[in-house]
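In: pasting the structure only:
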């Protein structure tokens, strides 16, 4: 079991100075209103994404699909399945859906880097 969690969370370190290519936590939080994370509290991959969000200092809307039936139906209708984590990206009236936790984390890292250059 220990090995499972080590592999699952191995790529996420709590200290931002661990590696040169890590994103340094922003001093001011970043709110990305065009993003929504669909998640479940019992999903380890959802926890991985939320840990990365905290490390990046990123705040986005979150919808727990087990407590919010409307969110679950939005996920099913928009993304075609109820797999979590899922990041909904709204871009000029169009929504795209990203399901893989590592892809979501890479995308969120880019959001923080772009916000840091503004």
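Out: Thanks, I have it. Here the structure is a predicted model, which means the values were calculated and not measured. Numbers count the residues shown, from 1 in each chain.
In: quick one, longest strand in the chain?
Out: For the chain, the longest strand by residue count, based on DSSP state E, is strand 30-39.
In: shaky segments in the chain?
Out: By pLDDT under 70, the low-scoring segments of the chain are 1-29, 117-118.
In: picking up where we left off before, and the longest strand of the chain, what does it pack against?
Out: helix 44-56, strand 58-64, helix 69-79, strand 86-91, helix 101-117 (3 or more C-beta pairs under 8 Å, 6 or more residues apart in numbering; DSSP states H and E). Where C-beta positions appear, they are placed from N, C-alpha and C, glycine not excepted.
In: show residues contacting the shortest one.
Out: Where contact means C-beta atoms under 8 Å, 6 or more residues apart in numbering, the residues beyond strand 86-91 that reach it are 34-39, 49, 74-75, 78-79, 95-99, 104, 107-108.
In: so of the helices and strands packed on strand 30-39, which one's packed in deepest?
Out: The highest mean neighbour count among the helices and strands packed on strand 30-39, using mean count of other C-beta atoms under 10 Å, belongs to helix 44-56: a mean of 20.
In: show me what that one is packed against.
Out: Using 3+ C-beta pairs under 8 Å, 6+ apart, the elements in contact with helix 44-56 are helix 2-9, strand 30-39, strand 58-64, helix 101-117.
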